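J.: sequence? don't have it. structure:
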């Protein structure tokens with residue numbers, strides 16, 4: 001329990017503190033748009049790190065609360081199974097679609113797809129930008145764009161890593177039991193480790209510190 005508490009404190013320091021208090025919300029982007037601060041949220045994004053806009057936001061997810069402190073250590077996976085997959089934070093583990101973060105914590109899935117809107121995002125470094133996620137088109141595709149010439153890399157928080165694991169074949173071949181704690185922690189900006197029997201998709205993590213105010 002002490003180790004878990006220390007880990008939670010370290011992760012909160014790395015993924016929340018940089019976003020809160022150090023960065024200011026932008027002013028109005030146009031004459032009719034104002035932004036308001038919100039409790040920190042996180043976007044799981046895919047795309048070219050050097051892009052300022054693109055398509056594919058329908059495959060992006062949103063954590064409305066920090067999933068790290070709500071996660072389960074790999075060493076606790078058997079206990080998680082014994083509880084029917086119900087984590088202490090009251091989210092349900094899905095053995096066919098599960099997530100890990102940079103310290104080897106099993107995380108809850110984000111909300112898919114990310115709701116359309118205008119998000120103030122940062123990587124906790126120098127850049128803060130407005131991310132516009134457009135509604136899905138008739139073809140089901142969601143476009144996205146960043147203002148002020150910011151790239152996806154500029155607003156990626158490199159110290160927060162995440163990946164989605166799904167079975168590479170039928171059956172129960174993809175399991176957190178096959179992940180190795182010696183592969184963690186993951187270096188900032190580095191790829192998440194592979195897990196035997198799994199397909200892996202790395203996601204970039206964007207910190208959300210504000211949203212366009214509702215009229």
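T.: The structure has been received and is ready for your questions. The shown structure was predicted, so the numbers you read here are calculated from the model rather than taken from an experiment.
J.: contact partners for the closest residue to residue 70 other than its chain neighbours?
T.: If the residues on either side of it in the chain are set aside, residue 70 comes closest to residue 89, at 3.7 Å by CB to CB, 6 or more residues apart in numbering. No exception for glycine: its C-beta is placed from N, CA and C like everyone else's. Residue 89 is in contact with 69-71, 108, counting by CB atoms under 8 Å, 6 or more residues apart in numbering.
J.: skipping adjacent residues, who's closest to residue 137 in space?
T.: residue 143 (7.5 Å).
J.: likewise residue 136?
T.: Closest residue to residue 136 in three dimensions, ignoring its sequence neighbours and counting by CB to CB, 6+ apart: residue 142, at 5.1 Å.
J.: quick one, phi/psi of that neighbour?
T.: phi -110, psi 130 (degrees, to the nearest 10).
J.: wait, what's in contact with it?
T.: Contact partners of residue 142, counting by CB under 8 Å, 6+ apart, are 55-58, 60, 113-114, 116, 133-136.
J.: kindly report the same for residue 54.
T.: The neighbourhood of residue 54, defined by CB under 8 Å, 6+ apart, consists of 47-48, 143-145.
J.: hmm, back to that, beta partners of the residue nearest to residue 137?
T.: Assessed by DSSP bridges, residue 143 has beta-bridge partners residue 55.
J.: now do the same contact list for it.
T.: Listed by CB under 8 Å, 6+ apart, the contact set of residue 143 reads 53-55, 57, 134, 137.
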